[in-house]
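K.L.:
show me how the following folds:
(chains A and B)
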Amino acid sequence: MLRKFILGLVSAALALAAAGARAAGAPAEIKIGTLYAASGNFAAISMPVHYGLRLWVDQMNAEGGVYVKPYHKKIPIKLIAYDDQSNTATAATLYNQLITQDKVDILVSDSGSVLTSVAVPIARDHKILLIDQTGTGAAFFSKDNPYIVLISDPVSSIWPKYIADFLTGDGVKLGIKRIALLYSTNDFTGTQANAVRSFIKAAKAPVDIVYDQGVPTNTTSYTVIINNIRATNPDAVIALGYPNNDISYLRNLQDSGVKFKWQFAIYPGLETEHLEKTVGAKGMEYLYTYTPSSVLEYKAEFGMSLPEFRAAWTKKYGEGNVAFGFNSVAGYTTGLVLQKALGGTESMDQLALRKAIFALSGKLKTIDGTFELDESGAQIGEITPLGQIVPDGKGGLKFVVVYPHDVATGKPVYPAK
Amino acid sequence: MLEYALLAGLVFGLYFALVGLGLNLVFGVMRIVNLAHGDFLMLGAFGAFWLYNFAHVNPIATIFIALAVFTALGVPLYYLVVPRLLRAKDPEMLSIILFFGLSQVIEALATIGFGPSERSIPGRVLGSGPVALFGQSFPAAWMVSGVASALAVLGVYLYLYRTRLGYLTRAVMVHREEALATGIDVHRVSAIAFGVGLALAAIAGVFAPFMLGSATPAMGVDLNIQSFAVIVIGSLGNPLGTVLGGIVYGVSLMFMQTYFSSWANLLPYLLLILILLVRPSGLLGRQVRRA
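P.N.:
Below is the predicted model:
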């Protein structure tokens, strides 16, 4: 009995010593390197994502750090963040600096496809996993590149699936036959435009794309383009752009007095408050858009719920200059995925991290929806249904989810009033 | 579509004449390149935004506020910066570097102060509903902006050709040293012209939310490029040539958007290359400018 007791005591001491030795080898901090654009064309989409990530980092550090499984302890996070000023050349230099000079443990890209695009080959060359927050360009992902995972937005090629499904199904029944497609020529919206064409073609529905034009992402005047679209007499218009494009397009549409029967734009759903401030409630009535998580209220099984996140955001940043919305949720979601991955990885090796992130696929549910990856690392969960913004009868606006049918909360208003 | 693009181009061109006018006036009088021109325009846009949102000041009234404030700002800025520049061996090149720095500072401060997001003023503030012009309908805000731009251009014409100060300004534009030798207070004349140049940028900024959809702290860079295209097309150093440059630019842009929309952002560069190859002095220039 005594022998057993002594043996147990010795074993326990050895185990403790081993754990202590592992903990002693633990780094003083986990270095997460990232970029943000405090100025320039992409600042408006970059800063909310960065602030969302920073909020998660501060929360973790307030709790003593993030739990890292290989060291069996919580380790404080050091967020190394540089301003790339929305410039891809500057971003490329800074991504290299994060890897080679700062020697970060985890590399997180800036927001959006343009500023992520330069990170993809750099990360691959250095064999470091790129935590791609919202760079959704489909060209970033291939089966032979294990050094990228898309965390917080679905890959662009599946974003418009519900738009196309609606137009080629319910839309045909409503009388939609002629579709106009306008997009900004960048990876994010260009890929979505390609996807729209493919989905519509595959559906073999009796609909035609009667207008199909790209415009540069820095386009600020759409009056002539709107007139050109009107000349093709479309039943439905899909406008795919960044916030600056959507704001200019919708303002020009409203000011021109043109009313299309069915109008889709991306950001009225993703950055609703911001668009309402700049376009005005009237200009957003009866628009179709991606339904934001604030409407769907994804039941978060990990991390804060949306109201909790909103409260934490307001407490930390106030109702300041950086807009709360889809992108702020994206930055916070990046943090949550990293938290889960660090808590499950077998080592801090980059491919082990990738394996830990892939292990979350289909199992992690946050305020951004269900996290799901395909084999190339592209996000295929977190897809948003098609919604319509309609007057709420009290002078405001409300969302109605119109497609797919299993999550629909109302019928589409067609033609728009 | 052709008619619409042409008419829209004329209205848009008038606005772009205003956008480039201040830059050309400053270059014409001082032979310095104000690379912060687009940033002063941005400040005018944010000024209009804040005044409308917090004091309900109509943007038309903001024009006069911008004129007074930015002229007053420009005069001391001139004395602080320009005389030193003009004493250098290569003031043009130095001015590019100096005003590029100033541009960066203004953009950074504006981003810190205003945030990076787009800001705008409702179009109905300048008139509701579309306005018919030769059978085509255009946003009322566009028409008001176009008319205001035309009036601003007219104002500059009257200033240069119908006032004593304007005569003195043109004398400095023709030959700074000779103007100095004849007893003209060159610095005083130049300081006022510099202030007017900044005020014109700010006035163009007041209309930016209506013509360009929104304003952001980062908008200055693109506007600088467009302004350069406009003034080089018209004639560098000839403020009234800017009108022609603006219209050529506006009409070309609308045609590009109609027929080659994906390539529309190449337009300023294409026009710059074309005009420098074919007519380096600009459409209204009499000789190649003295570099």
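
K.L.:
distance check, the closest residue to B:R119 other than its chain neighbours against chain A.
P.N.:
In this structure, B:R119 finds its nearest non-sequential neighbour in B:F49, 4.7 Å apart by CB to CB, 6 or more residues apart in numbering or on different chains. The way it works is simple: take the backbone N, C-alpha and C, and place the C-beta from them, glycine included. Distance from B:F49 to chain A, counting by CB to the nearest CB, to the nearest Å: 10 Å.

K.L.:
run a quick neighbour tally on B:F49.
P.N.:
Counted by other CB atoms under 10 Å in any protein chain shown, the residues lying close to B:F49 total 22.

K.L.:
what helix or strand is it on?
P.N.:
Element membership for B:F49 (DSSP states H and E) is helix B:37-55.

K.L.:
distance of the residue nearest to B:R119 relative to B:G205?
P.N.:
Distance, B:F49 to B:G205, using CB to CB, to the nearest Å: 10 Å.

K.L.:
name the residues contacting each of the two.
P.N.:
Jointly contacting B:F49 and B:G205 under the rule CB atoms under 8 Å, 6 or more residues apart in numbering or on different chains are B:A215.

K.L.:
list, one by one, the residues from the stretch 1-150 of chain B near chain A.
P.N.:
Residues of the stretch 1-150 of chain B that fall close to chain A, judged by CB under 8 Å from any CB of the partner chain: B:1, B:4-5, B:8-9, B:12, B:107-108, B:111, B:114-120, B:122-123, B:129-130, B:136-142.

K.L.:
report pLDDT for the closest residue to chain B within chain A.
P.N.:
Using CB to the nearest CB, A:N321 is the residue of chain A that sits closest to chain B, at 2.2 Å. If you check A:N321, the pLDDT there is 72.

K.L.:
run a quick neighbour tally on the closest residue to it other than its chain neighbours.
P.N.:
If the residues on either side of it in the chain are set aside, A:N321 comes closest to B:G115, at 2.2 Å by CB to CB, 6+ apart. Each residue near B:G115 was counted by other CB under 10 Å, and the total is 19.

K.L.:
repeat that for A:D392.
P.N.:
For A:D392, the neighbour count with other CB under 10 Å is 11.

K.L.:
setting aside sequence neighbours, what's the nearest residue to it?
P.N.:
Among residues not flanking A:D392 along the chain, A:K398 sits closest, at 4.1 Å (CB to CB, 6+ apart).

K.L.:
just list whatever residues bridge to the one you found.
P.N.:
Beta-bridge partners for A:K398, by DSSP bridges, are A:V390.

K.L.:
which residues touch it?
P.N.:
Counting by CB under 8 Å, 6+ apart, A:K398 touches A:389-392.

K.L.:
which among those count as buried?
P.N.:
Among the contacts of A:K398, those classed as buried by 16 or more other CB atoms under 10 Å in any protein chain shown are A:389-391.

K.L.:
give the buried residues for the host helix or strand of A:Y51.
P.N.:
Using DSSP H and E, the element containing A:Y51 is helix A:43-62. Residues of helix A:43-62 classed as buried by neighbour count (16+ other CB under 10 Å): A:43-57, A:59-61.

K.L.:
that one and chain B in contact?
P.N.:
Yes. Interface with chain B: helix A:43-62 contributes A:43-44, A:46-47 (CB under 8 Å from any CB).
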